[in-house]
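Asks: Sequence plus predicted model, see below.
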Amino acid sequence: MTFTMSRLSAMMFLQFFIWGAWFVTLGTYLVQGPLQASASQVAMAFLSQSIGAIVAPFLVGLIADRYFAAQRILAVLHLAGAVLMWQASTATSFGAFSACVMIYMLLFMPTLALANSIAMRHMQSPEKQFPPVRVAGSIGWIVAGVLIGWLGWEQAHRLELTFKMAAAASLVLGLYALSLPNTPPLEQQRNAKLGQILGLDALRLLKSRSYLVFFLASIAICIPLSFYYNFTNPYLNDLGVRGAAGLQSLGQVSEVLLMLAMPFLFARLGVKTMLALGMAAWVLRYGLFAYGDAGAGFALLVGGIVLHGICYDFFFVTGQIYTDAHAGPASRSSAQGFITLATYGVGMLIGSFLSGAVVEHYTTAAGRDWQQIWLFPAGVALVVLVAFVFLFRERPVSVSAAPSASPTH
């Protein structure tokens, strides 16, 4: 790996270390920490990710891509993020905490696109060079989770330290970004129209029935996806699982391994089979969670977590490949922005609201009925799977590159 690729890998490592340092255990901190938040408040905090995903194209497309070098915007956003993360760690009310996290995610979500842009602009062959650099980001997420588990912050009820760790890493990345290769705006980015920036010219893809079915299924599957992101860590800690954040990092390990195998699997299984298997894995995962426990059923919990590779890669990464091939060279960037806004924006926005309502519904003075909570998203995923299998008609596509710019969770 060249020196430049090493520098870009370090950027990716820090980018996702920051996210994994606090996001995985956010629900547990809110429920068990000093704020004593309700399930609806937990959902509201996670909602910041969706709102950030919706706002990101405006910030990056209208400001960063037009007027400023990407590495400088990345530095400013992470330096501001360091301040907000530290303030979140000291907040004494949910209102103050929520405000810090909301503003932080409005600044953080655009950095995902900026980091990808910086990396790919300095590669001669992005389709070959980007995956190893991007994998460094997944490793960063894993290291953050393992570190939290090793330090025992969950059991010691010291999860406010996760925000301080994220703040420190954000400060390091903010300063480090200033040393990254110069990445000024491209001429076509300066002249891009609003519709292109937001990916709205990709609306024409919805004229195809197969893509419309895929698009609606993508939004719908993000509803049960929100249950995993928002409440898996509180669930594991409720059961008394030690080092829950570290255990959850096994999901990212499986994600990395399967991502490397994606081109091979895609060519042999095809779009419909891959997407269907991804949705089926969500049904199975929640079924395992519903009947798992920290004793004899611990293997079920581990199985549900390890399924993350299939859950995420088979649906979301396959979907990005399918979108890329369906859109064609002229509108690939717009189409990817459009599907990301629809899933991480609209889909998870709905899912966050619904997950909070469902958890509150099954919460009594005796505690949370996790079995019923997990069976709900399992049922939703099953309905989406059945509808997709019956309605989707595969259009042959070719894949020439490994998946590259997908967010990791």
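Replies: Perfect, thanks for sending it.
Asks: all helices for the stretch 201-350 of the chain, in order.
Replies: With DSSP state H, counting those that start in this stretch as the criterion, the stretch 201-350 of the chain has helices at 209-238, 244-269, 271-291, 298-306, 308-309, 318-327, 332-340, 348-361.
Asks: For residue 70, which of those is the nearest?
Replies: Comparison of those against residue 70 by CB to CB identifies helix 332-340 as nearest, at 14.6 Å. Yep, even glycine has a C-beta here, placed from its N, CA and C like the rest.
Asks: would TSV of the helices of the stretch 201-350 of the chain with mean neighbour count and mean pLDDT be doable?
Replies: Output for those, formatted as TSV (neighbours: other CB atoms under 10 Å; pLDDT from 0 to 100):
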stretch	mean neighbour count	mean pLDDT
helix 209-238	22	91
helix 244-269	19	83
helix 271-291	22	94
helix 298-306	18	95
helix 308-309	24	87
helix 318-327	22	76
helix 332-340	22	69
helix 348-361	21	91
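Asks: Among those helices, which comes closest to residue 390?
Replies: For these, the distance to residue 390 is smallest for helix 209-238, at 9.4 Å, taking CB to CB.
Asks: Touching, residue 206 and residue 216? I think so.
Replies: No - checked against CB atoms under 8 Å, the pair residue 206 and residue 216 is beyond contact range at 9.1 Å.
Asks: hang on, residue 170 in a strand?
Replies: No - going by DSSP: H, G, I helix; E, B strand; the rest coil, the assignment for residue 170 is helix, not a strand.
Asks: Excluding sequence neighbours, find me the nearest residue to it.
Replies: residue 82 (3.9 Å; CB to CB, 6 or more residues apart in numbering).
Asks: dump the residue contacts of the one you found.
Replies: Listed by CB atoms under 8 Å, 6 or more residues apart in numbering, the contact partners of residue 82 are 167-168, 170-171, 174.
Asks: how close does it sit to residue 149?
Replies: Residue 82 sits 23 Å away from residue 149, going by CB to CB, to the nearest Å.
Asks: Low-confidence regions, the protein specifically.
Replies: Residues of the chain that meet the criterion pLDDT under 70 lie in 1, 57-66, 126-127, 186-202, 328-334, 336-337, 395-409.
Asks: Domain-wise, how is it divided?
Replies: 1-188, 193-400 (automatic domain parsing).
Asks: Next, residue 394: secondary structure please.
Replies: coil.
Asks: what's the burial count for it?
Replies: By other CB atoms under 10 Å, the residues close to residue 394 number 13.
Asks: Enumerate every residue touching the nearest residue to it once chain neighbours are set aside.
Replies: Spatial nearest neighbour of residue 394, chain neighbours left out: residue 272 (4.4 Å); criterion: CB to CB, 6+ apart. Counting by CB under 8 Å, 6+ apart, residue 272 makes contact with 389, 392, 394.
Asks: For the helix or strand that the first one is a member of, which outside residues touch it?
Replies: Taking DSSP states H and E as the definition, residue 389 sits inside helix 370-391. Contacts with helix 370-391, where a contact means CB under 8 Å, 6+ apart, come from 213-214, 217, 220-221, 223-224, 227-228, 231, 235, 238-239, 272, 275-276, 279-280, 282-283, 285-287, 289-291, 355, 358-359, 362.
Asks: just stretch 139-147 next, same as before
Replies: So stretch 139-147 is contacted by 12-21, 24, 165, 245-246, 248-249, 252-253, 256, 408-409 (CB under 8 Å, 6+ apart).
Asks: Show me how far it is from its chain's centre.
Replies: 15 Å (CA atoms, centre = their mean, to the nearest Å).
Asks: again, but for stretch 150-166
Replies: 21 Å.
Asks: Please consider this matter closed, and thank you.
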